[in-house]
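Student: quick one, fold the following:
(2 chains)
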Amino acid sequence: MTMNFRNRWTMVLASASATIMTSHTIAQAPAPAKPGVTVTPFIAAPVVAVPVTEAPKPVPVLPAGSTAASGWNVPPKWSDVESTGQYASVRGRETNILVEDSGQSWRGLRNGPLTFYGGIILLVIPIMLLTFFAIKGPFRLHEKLSGRLIERFNSAERMVHWTMAFSFLALALTGIVILFGKHILLPIIGASAFSWITIIGKNIHNFVGPLFLFSIVAFFFLYVKDNLLSGRDFEWLSKFGGLLSGNHVPSGRFNGGEKMWFWLSIVVFGLAVSISGMLLLFPNWNTSRELMAQSNLIHAGLGTLFMALSLGHIYIGTIGTEGALKGMKEGYVDETWAKEHHALWLEEVKSGKRNAKTAGVHQPAAGDD
Amino acid sequence: MARMKFICDAERCIECNGCVTACKSEHEVPWGVNRRRLVTVNDGKPGERSISVACMHCTDAPCMAVCPVDCFYKTEEGVVLHDKDLCIGCGYCFYACPFGAPQCPQAGAFGLRGKMDKCTFCAGGPEEDHSVAEIKKYGRNRLAEGKLPACAEMCSTKALLGGDGEVIQSIYKQRVKRRGKGEEVWGWAMAYNRKSAKPEVKV
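Tutor: Take a look at the predicted model:
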């Protein structure tokens, strides 16, 4: 029979405190084929090794006239052996596996829900944001500009932010081409032009990716201090930043929404997308197909959510809030803006608790470094 | 029109690697790529069997479904081929294929994999038949010459059968009937459909 001895003899032991096996009983007990045989806990009796005979496997019935030797040289059950490592004379990664099933589920999820719902999210979010903009318009300042400028982001913070922002845009656009381009762009521009765009896009994606990872790490260390959560942030979040009531909930340098963006998107999504991306980026690490397929799901799935959330961030940071983009572009914000959006931060700056450069409106932001 | 399929008869395969060698020499396959390979299950134990694996030219081909640039196409004979000029070397076909057929000549850092290569059922590629470009990229186009795949032609025990699915299945049926075992046509359930996995043998 083809079965090994493991199944035929199951070692049945008494409870752990039971008598230690004597060499006598071992000699009587049939030796297991391999060490580390499954040990099944059994009822209390202090009897040690009892051979349990398995019900004999039915011998394959051969048709009349068959020349096959009954019960011996029978073919294996393919479903049992094809996914496990076997012997292959051709060397290489996973050449010894007959069938790798995981690709099928990857295909189903990637081509199915990931493409479908991911596409819907990426279409619906911008429509929602633009509708909001059309109805409510941007958040404007209530008071006049004071003309006094306060430094909100120093040059290192801005450089890292924009490195991250532009590398993110490059990755997002090329990623969209790889996941959705076949459905949108290919029918319009044809196979040849689309292939060129995707080859260039793939290489941009692959070489910009590590830059994005570095910018995430640098960003984290530069911004984490002011993004630590406090009770105030939950109040901010519960009131939705005062969006509905129209009254700003006073906040420090970063408000609850900004902190959520920091922790959820930059830290969680950013790291998940980066790590899964690294696994895909280096096929020379001998990564298995299964791991690469799983990484691809995480990468594309969270990447799509990251893109959707970033649309919200981009909206609030550009057209959605008067004066916000200027803060990240030039580093300085007007005192009125600071008072209306980050009152507690302004207090800290004014009371001298926090060092921040100030400037008059007519002075260019020279020497800001 | 005939539907081209492969059968590897595990009861006959002697793991001589003739098919692997035939394929490599016929097509001058890129280094590091083996369009066909042999897997031996239960090696050295009773019930040992060898299977020669390559692209099975699936009906619903996963490689084709996941390709981000749609570089795959299917001939009238059901042979799954691809256009190396369009291939971007992303490796998705390689994740998706259950048989490990699509392979990239490189596995370099930053996802540099080169153009994917796989078994063509000796049917070349999208270029003009027997053109230099076709031979360089995909190897010889034996089907256009009226010949069957080199691996199956070369098989010393005729374990590997390649050709019209109905013809090779009827040959296989006769064998199963005569020897009374090994009735499962390996890989067919996955590549074509569940029913075709076991030819109905009336004894």
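Student: count of neighbours near A:Leu311?
Tutor: 17 (other C-beta atoms under 10 Å in any protein chain shown). From N, CA and C alone the C-beta is placed, and that goes for glycine too.
Student: could you measure from A:Ala193 over to B:Gly125?
Tutor: Remark: distance between A:Ala193 and B:Gly125 (C-beta to C-beta, to the nearest Å) = 20 Å.
Student: for stretch B:180-191, the distance to its chain's centre please.
Tutor: 15 Å (C-alpha atoms, centre = their mean, to the nearest Å).
Student: stretch B:184-198 now?
Tutor: 14 Å.
Student: now do the contacts for the residue in the stretch 251-369 of chain A that chain B sits nearest to.
Tutor: Nearest to chain B, among the residues of the stretch 251-369 of chain A, is A:Pro283, at 4.0 Å (C-beta to the nearest C-beta). Counting by C-beta atoms under 8 Å, 6 or more residues apart in numbering or on different chains, A:Pro283 makes contact with A:292, B:91, B:104, B:107-108, B:111, B:113.
Student: what about the helices in the stretch 51-200 of chain A?
Tutor: Ranges of helices within the stretch 51-200 of chain A are A:78-81, A:102-109, A:115-136, A:155-184, A:186-189, A:191-223, based on DSSP state H, counting those that start in this stretch.
Student: pick out the shakiest of those helices, pLDDT-wise.
Tutor: If you rank the helices of the stretch 51-200 of chain A by mean pLDDT, helix A:78-81 sits at the bottom with a mean of 84.
Student: in that one, what's buried?
Tutor: A:78, A:81 (16 or more other C-beta atoms under 10 Å in any protein chain shown).
Student: in JSON lines: the helices of the stretch 51-200 of chain A, plus distance to chain B.
Tutor: As requested, those are arranged in JSON lines below (distance: least, C-beta to the nearest C-beta, whole Å):
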{"stretch": "helix A:78-81", "distance to chain B": "5"}
{"stretch": "helix A:102-109", "distance to chain B": "4"}
{"stretch": "helix A:115-136", "distance to chain B": "10"}
{"stretch": "helix A:155-184", "distance to chain B": "5"}
{"stretch": "helix A:186-189", "distance to chain B": "6"}
{"stretch": "helix A:191-223", "distance to chain B": "4"}
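Student: select, out of the ones you listed, the one closest to B:Gly78.
Tutor: With C-beta to C-beta, the closest approach to B:Gly78 among those belongs to helix A:102-109: 19.6 Å.
Student: for the closest one, buried residues please.
Tutor: Quick answer for helix A:102-109 (16+ other C-beta under 10 Å): A:102-104, A:106-107, A:109.
Student: and the pLDDT for the residue nearest to B:Pro62 when sequence neighbours are not counted?
Tutor: In this structure, B:Pro62 finds its nearest non-sequential neighbour in B:Ala96, 3.8 Å apart by C-beta to C-beta, 6 or more residues apart in numbering or on different chains. pLDDT, B:Ala96: 96.
Student: if we can go back for a sec, any chance of CSV for the helices of the stretch 51-200 of chain A, columns distance to B:Asp85?
Tutor: Listed next are those as CSV, based on distance: least, C-beta to C-beta, whole Å:
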stretch, distance to B:Asp85
helix A:78-81, 37
helix A:102-109, 24
helix A:115-136, 25
helix A:155-184, 17
helix A:186-189, 15
helix A:191-223, 7
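Student: next one: the residue in chain B positioned nearest to chain A from B:Ala197, what distance?
Tutor: Going by C-beta to the nearest C-beta, chain A is nearest to B:Gly180 of chain B, at 3.1 Å. Distance of B:Gly180 to B:Ala197, computed by C-beta to C-beta: 18 Å.
Student: no more questions from me, cheers.
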